[in-house]
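Student: What shape does this take:
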Amino acid sequence: MPITPATATHTSSNGTADAILLELVDEDGVTIGTAEKLAAHQPPGQLHRAFSVFLFDERGRLLLQQRALGKYHSPGVWSNTCCGHPYPGEAPFAAAARRTFEELGVSPTLLAEAGTVRYNHPDPDSGLVEQEYNHLFVGLVQSAPRPDADEVGDTSFVTPAELAELHAKGTFSSWFMTVLDAARPAVRELTGPSAGW
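Tutor: Purely as a prediction, here's the structure:
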């Protein structure tokens with residue numbers, strides 16, 4: 001991870017929280033300040049800027065990632081291709097492309113904005129709260145993932161039917177369905193009606 005004025009350290013292999021500043025926002029997504037990452041996720045949570053990426057292969061399958069077991073927040077669960085937080089002052093689009101490459105070793109061949117969604121999701125396992133104003137992106141990937149093992153435990157390309165089967169096992173991040181449902185119009189436009197999203 002590049003060192004910027006907004007970050008002094010990053011997640012270590014023992015899963016300790018990043019010493020990273022997040023951008024706090026109001027209900028309209030206007031920046032109102034910053035907070036340390038872990039502090040922003042402590043109950044009741046502080047509304048902050050985030051992003052979620054959904055990448056698809058040429059067959060219209062969604063690339064999922066299973067979060068590494070060493071993550072301090074939602075370890076070991078499946079989630080969308082990539083999600084995270086822009087540095088203060090960093091454009092969400094740039095952050096989404098940066099983190100997708102850092103976590104999965106891939107650069108999207110296409111990445112398009114897919115709207116925003118605001119949610120409040122407590123995580124019962126960690127006690128942390130996802131209070132986020134989330135920028136959504138959809139795109140295509142044409143190379144095989146090369147995941148960073150500190151970030152990603154596994155990856156899988158899934159069809160809608162395979163996703164439904166996997167999701168029924170209850171092993172997904174608390175925010176996954178919220179961000180997927182919000183991104184569906186853009187996903188359908190990207191993948192076409194035959195993909196079934």
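Student: helices and strands around the helix ranked longest in the chain, which ones?
Tutor: Counting residues, the longest helix found in the chain (DSSP state H) is helix 176-191. For helix 176-191, the packing partners by 3 or more C-beta pairs under 8 Å, 6 or more residues apart in numbering; DSSP states H and E come out as strand 48-56, strand 110-122, strand 129-140. C-beta: built from backbone N, CA, C; applies to glycine.
Student: and the ones you listed, which is most packed in?
Tutor: Across the helices and strands packed on helix 176-191, averaging neighbours per residue (mean count of other C-beta atoms under 10 Å) puts strand 48-56 on top, at a mean of 26.
Student: what angle separates the longest helix of the chain from strand 110-122?
Tutor: Using axes from the mean of the first three to the mean of the last three C-alpha atoms, to 10 degrees, one finds that helix 176-191 and strand 110-122 are set 160 degrees apart in direction.
Student: and the angle for helix 176-191 with strand 129-140?
Tutor: Orientation check (the same axes, to 10 degrees): helix 176-191 against strand 129-140 gives 20 degrees.
Student: Show me which positions of helix 176-191 end up buried.
Tutor: Under the neighbour-count criterion of 16 or more other C-beta atoms under 10 Å, helix 176-191 has 176, 178, 179, 180, 182, 183, 186, 187, 190, 191 buried.
Student: what separates it from the chain centre, distance-wise?
Tutor: Relative to its chain's centre, helix 176-191 lies at 13 Å (C-alpha atoms, centre = their mean, to the nearest Å).
Student: For it, what does the pLDDT average out to?
Tutor: Looking at helix 176-191 alone, the average pLDDT works out to 97.
Student: if we look at that helix, which residues are touching it?
Tutor: Outside of helix 176-191, the residues within contact range by C-beta atoms under 8 Å, 6 or more residues apart in numbering are 52, 54, 56, 60, 78-80, 83, 110, 112-117, 119, 121, 134, 136, 138-140, 167, 195, 197.
Student: Go ahead and produce CSV holding the CA coordinates of it.
Tutor: Output of helix 176-191 as CSV, limited to C-alpha atoms (Å, rounded to 0.1, in the frame of the first residue of the first chain):
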residue,chain,number,x,y,z
PHE,A,176,-23.2,-7.6,0.6
MET,A,177,-26.9,-7.9,-0.4
THR,A,178,-27.4,-4.2,0.2
VAL,A,179,-24.7,-3.1,-2.2
LEU,A,180,-25.5,-5.8,-4.7
ASP,A,181,-29.2,-4.9,-4.8
ALA,A,182,-28.3,-1.2,-5.2
ALA,A,183,-25.9,-2.0,-8.1
ARG,A,184,-28.2,-4.4,-9.9
PRO,A,185,-29.5,-1.9,-12.6
ALA,A,186,-25.9,-1.2,-13.6
VAL,A,187,-25.0,-4.9,-13.4
ARG,A,188,-27.8,-5.8,-15.7
GLU,A,189,-26.8,-3.1,-18.2
LEU,A,190,-23.2,-4.3,-18.1
THR,A,191,-23.9,-8.1,-18.3
